[in-house]
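S.K.: Sequence first, predicted model second:
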Amino acid sequence: MKVLFVALSLVILVAIAVSPAVFGEQAKAAPAVAATAPVGAVAAPAALPANTASGAGVVIAAGKQIKIDYSLSVNGQLIDSSEQGGPIHFEQGKHQVIPGLERQLEGLKVGDEREITVKPEEGYGPVNPKAFAEVQRSKMPKGDLKIGMQMQTTDKNGQPVSATVSEIKKDKIIMNFNHPLAGKELHFKIKVVEIV
C-alpha cells in the first residue's frame, strides 16, 4: 500500500468534525504506536545498558527492560518484523507495546520463542464507526487519491493523526481515522533476546 503523508490544514479537521473523544477512546483501548517504531511497539525509553546479561531464571516481569525479535502477520500476510531494524526494546508493564502482547510475554525467559495471537480488543481495538468522516474533496490535497491511501494530519492539540482514504465519492472523500490494524487479529512470532 502506498503511503502518502501530507499535512492537512486544521480547517480539514474542523470540517470533518472528528471529536477528541473518538481518539481518546481508541487510545485507551490500544496505546498508540510511534510513527518510527515497528507496528505493535512504541519508542523505547532508552537503550539497554551495555555489558548487561540476563541471569539464569530471570523472567519477563513489570519493570524489566526487554528485547524481542518478532514478526507480525495479519490474515496470513507478513506486515512487520524486526529482521531489518533489529529487536525492539521496551519496559514491561509500561504499556509501550499493545496490551495483548505485553500480557502474553509475562513470565518468558531469554531464548523462549512463542507464537502469540492478539484479539482486536487487546490490540488496536475494534473498528469504531464514529471514526469515519466525510471531507469535501475541495479540502483535500491535489493529486490522485486512491482507496487505502494513508494521510497524516494533526489534531487540535498538534498531535499527529493518521487517516486512511476509505471511500471516494464525486464531491466527498470518506476518511477512516481508526488505526489501520483496528479490528484485526494479530499473529506474532517472537523470541526473547534479552531481559535486564
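M.R.: Looks like it arrived, so ask away.

S.K.: Next one: Ile88 from Val97, what distance?
M.R.: According to CB to CB, to the nearest Å, Ile88 stands 8 Å off from Val97. Placement of C-beta: from N, CA and C, glycine included.

S.K.: Of these two, which one has the most company?
M.R.: Per other CB atoms under 10 Å, whichever of Ile88 and Val97 has more neighbours is Val97, with 27 against 22.

S.K.: For the more buried one, give its distance to Val165.
M.R.: 28 Å.

S.K.: Strands of the protein, start to end?
M.R.: 3-7, 65-74, 77-81, 88-91, 113-118, 132-136, 150-154, 160-168, 172-176, 186-195 (DSSP state E).

S.K.: now what about the last one, what contacts it?
M.R.: Yep, that's strand 186-195 we're talking about. 40, 48, 52, 54, 58-60, 64-74, 87, 89, 98, 100-101, 105, 108-118, 123-124 (CB atoms under 8 Å, 6 or more residues apart in numbering).

S.K.: and it, which residues are buried?
M.R.: 186-188, 190-195 (16 or more other CB atoms under 10 Å).

S.K.: Nearest to Ala133 among those residues?
M.R.: Leu186 (25.6 Å; CB to CB).

S.K.: How far away from the center of its chain is stretch 84-92?
M.R.: 14 Å (CA atoms, centre = their mean, to the nearest Å).
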